[in-house]
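I would like the atomic coordinates for the input below:
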Amino acid sequence: MEDYDVIVIGAGISGLLSGLVLSKEGKRVLILEKEDYVGGVCRSYPVEGYLVDTGPHAITRLESGPLRELMKRYFDVVPKFIPFGRYYVRVDERIKPFPWNIKDWLMFDLIPMKDRLLLMKSLFDTLYMLNTGRDLSTVSMNDIIPSDISITTRRFLDWLSYFMVGTSMENAPISRFIDNKSHRPSSIPYVGKLYNLLITEGATDQGYPKGGLQSIVDSVLSSFPKNGVEIRTNEEVLKLQGNEKIEGVVTREDSYDCNAVIYSGFASDLPNLIDNLPEKYVKKLKSIRRVNSLTIWLGLTKGIFKNHGSEMWINSEPYAWVVPTSNYDSALAPKGKQLVGFGFILPGEYNLGEMRKKALSAIFDTIPDIEEYIDMIHYQELIPEKASWSINSGFGDVKTPIKNLYCVGTDAEKRSAGVSRAAYSVLRCLEIMKSDRFLQ
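Next up is the predicted model:
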């Protein structure tokens, strides 16, 4: 039985970042992963000459956000990011840049002027709620939207809710849409958050990693200190031993002693690994709802998508987010070809075969001539967020009732999304472990 300072369960991006941080803080780390690969839903792999990511991604808050701080403090090898460009909204055949500020919003004629004015009123009503101290995590997008807006406007807002929160606008809290860019805690809720909505010029701090998502994983692995981190794949964790304190980890292959455990798997599965968790805590974890997605990757013999940026398909059924990754890095596709990812959020219950057909039909209906240029089709069923940030579901936390057990990942921290949310959770875990005197 080997002894480690910290055992990290799961080698997704949250687990890998945790292993890097703790090893750089002088701890001996073991990472256990049940799959035969690392990276989770932040990796890339080859398909018929193309290099596809696990779903379309934009890496956010690169100027001063959580991933930037982790890279500055702990990375020896830093990935290169290409500016993400604009977000474009597509309604049928019309395409317009996403309206990031009031000036752009007033000129955004994909939806009626009446609706734009009504939504401006809703924005200032939200400002009033902020001033009265109302908890906006309990107020849904639907609660503040006028009932007589057009179908197109409603679908626009519903699209934002599904792709930012993982649920419909009826369950999407307003707090998600005014989430502060600063990763440092503020004593005054929401201060400065709406300021960004009023004056921002767009996604200027977002990027796409050159070489695909795999470049982020490779940078983490290359930054591990020599002999500081051991990764064991194909090793599923069966049990965490201990009650008030975790004393060891049991897998299908072996057992290990440790001083602390960082769990980066699904928080809702944690009660299956450890006995005697408080009933209230277990109930909260079991109420977490995962976000399910379908990605269709198309390799095209023609560069159909010319814009440097992504497209938000408002009128497709289902909604789609389209990212032509080879526009950022031509090496992701064979010479002269284009690689495009089409992301779809799946409903709570669905038939996978039917959803594949429906999503592919949505692509063909939106761009009728695309079919004749298809060189490759690849499907992915993914869980891009381990917890939907919605009003009617639970959420995990970094801190657990067990004093040396911590959770990281997209179901442990209610900030941002994707890789940024994972990085937020790792930074918070670092702060908590320091306050617990596990780290200096």
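
domains in this protein, by residue range?
Domain assignment for the chain by automatic domain parsing gives 2-81+208-287+389-435, 100-199, 291-385.

tell me the most buried of the ones you listed?
Highest mean neighbour count among the domains of the chain (mean count of other C-beta atoms under 10 Å): domain 2-81+208-287+389-435, with a mean of 20. For the C-beta atoms, the positions are set from N, CA and C on the backbone; glycine is no exception.

what's the lengthiest strand in the chain packed up against?
The longest strand of the chain (DSSP state E) is strand 374-385. With contacts taken as 3 or more C-beta pairs under 8 Å, 6 or more residues apart in numbering; DSSP states H and E, strand 374-385 sits against strand 50-53, strand 291-300, helix 352-366, helix 418-435.

next SSE downstream of the first one?
Towards the C-terminus, the helix or strand next in line after strand 50-53, according to DSSP states H and E, is helix 66-74.

tell me which strands and helices that following helix is in contact with?
Using 3+ C-beta pairs under 8 Å, 6+ apart: helix 66-74 touches helix 13-24, helix 418-435.

and the residue nearest to Tyr350 when sequence neighbours are not counted, how far is that from Arg43?
Spatial nearest neighbour of Tyr350, chain neighbours left out: Asn292 (7.7 Å); criterion: C-beta to C-beta, 6 or more residues apart in numbering. Computed as C-beta to C-beta, to the nearest Å, the Asn292 to Arg43 distance reads 18 Å.

show me the shaky parts of this protein.
Flagging of the chain using pLDDT under 70 yields the residue ranges 1-2, 179-202.

in the stretch 151-300 of the chain, which spans are strands?
All strands of the stretch 151-300 of the chain, identified by DSSP state E, counting those that start in this stretch, fall at 207-209, 229-232, 237-241, 248-251, 255-263, 291-300.

tell me the contacts of Thr366?
Contact partners of Thr366, counting by C-beta atoms under 8 Å, 6 or more residues apart in numbering, are Arg90, Trp313, Asn315, Ser316, Ala320.

same deal with His378?
His378 makes contact with Val47, Glu48, Tyr50, Val52, Ile296, Trp297, according to C-beta under 8 Å, 6+ apart.

ok, now how distant is it from Ala267?
Where Ala267 is concerned, His378 sits at a distance of 30 Å (C-beta to C-beta).

swap in Leu213?
Distance from Leu213 to Ala267, by C-beta to C-beta: 23 Å.

likewise for Glu381?
In terms of C-beta to C-beta, Glu381 sits 21 Å off from Ala267.

which neighbouring elements make contact with the helix or strand harbouring Tyr87?
Following DSSP H and E, one finds Tyr87 within strand 86-91. Under the contact definition 3+ C-beta pairs under 8 Å, 6+ apart, strand 86-91 sits against strand 94-97, strand 309-313.

if you drop the residues flanking it in sequence, what lies closest to Gly10?
Ser264 (3.7 Å).

so what's Leu22 up against?
Contact analysis of Leu22 by C-beta under 8 Å, 6+ apart lists Asp5, Val6, Val8, Val29, Ile262, Leu439.

ok, which stretches of the stretch 51-200 of the chain are helices?
Taking DSSP state H, counting those that start in this stretch, the helices of the stretch 51-200 of the chain run over residues 66-74, 102-106, 113-131, 141-144, 151-164, 174-177, 193-199.

re earlier: would you list the helices and strands packed on helix 66-74 in a markdown table and tack on distance to Lys114?
Output for those, formatted as a markdown table (distance: least, C-beta to C-beta, whole Å):
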| stretch | distance to Lys114 |
| --- | --- |
| helix 13-24 | 43 |
| helix 418-435 | 35 |
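
Ser175: which of those helices is closest?
With C-beta to C-beta as the measure, helix 418-435 is the member of those nearest Ser175 (14.3 Å).

pull the CA atoms of the closest one into CSV?
What follows is helix 418-435, C-alpha atoms only, in CSV (Å, rounded to 0.1, in the frame of the first residue of the first chain):
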residue,chain,number,x,y,z
GLY,A,418,-16.6,25.0,-18.9
VAL,A,419,-12.9,25.2,-18.4
SER,A,420,-13.2,28.6,-16.6
ARG,A,421,-15.7,27.2,-14.1
ALA,A,422,-13.4,24.2,-13.5
ALA,A,423,-10.5,26.6,-12.9
TYR,A,424,-12.6,28.7,-10.5
SER,A,425,-13.2,25.5,-8.5
VAL,A,426,-9.5,24.7,-8.3
LEU,A,427,-8.6,28.1,-7.1
ARG,A,428,-11.3,28.0,-4.5
CYS,A,429,-10.1,24.6,-3.4
LEU,A,430,-6.6,25.9,-3.0
GLU,A,431,-7.9,28.8,-0.8
ILE,A,432,-9.9,26.4,1.4
MET,A,433,-7.0,23.9,1.8
LYS,A,434,-4.8,26.8,2.9
SER,A,435,-7.4,27.9,5.4
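
Val8 bridge partners, please.
Beta bridges link Val8 to Ile31, Ile262 when assigned by DSSP bridges.

try Arg90
Beta bridges link Arg90 to Ile95, Trp313, judged by DSSP bridges.

right, and it touches Ile314 too?
Yes: between Arg90 and Ile314 a contact is recorded at 6.7 Å, counting by C-beta atoms under 8 Å.

gap between the two ends of stretch 208-224?
23 Å (C-alpha to C-alpha, to the nearest Å).

what does that stretch rub up against?
Residues outside stretch 208-224 that contact it (C-beta under 8 Å, 6+ apart): 13, 16-17, 19-20, 23-24, 38-39, 42-45, 51-54, 57-59, 71, 74-82, 84, 323, 325, 328-329, 331-332, 419.

what is the burial count for Phe440?
Quick fix: residue 440 reads Gln, not Phe. When counting by other C-beta atoms under 10 Å, one arrives at 6 neighbours for Gln440.

spatially, what comes nearest to it if we skip its sequence neighbours?
The shortest distance from Gln440 to any non-neighbouring residue, by C-beta to C-beta, 6+ apart, is to Lys434 (7.3 Å).

how much space separates that neighbour from Phe75?
20 Å.

again with Ser168
38 Å.

how about Tyr328?
Distance from Tyr328 to Phe75, counting by C-beta to C-beta: 21 Å.

cool, Asn292 as well?
31 Å.

kindly report the same for Lys226.
Distance from Lys226 to Phe75, counting by C-beta to C-beta: 15 Å.

repeat that for Thr301.
Using C-beta to C-beta, Thr301 is found at 37 Å from Phe75.

helix/strand/coil for the residue nearest to Ser425 when sequence neighbours are not counted?
Excluding the flanking residues, the one nearest Ser425 by C-beta to C-beta, 6+ apart is Glu413, at 3.9 Å. Local secondary structure at Glu413 is given as coil here, using DSSP: H, G, I helix; E, B strand; the rest coil.
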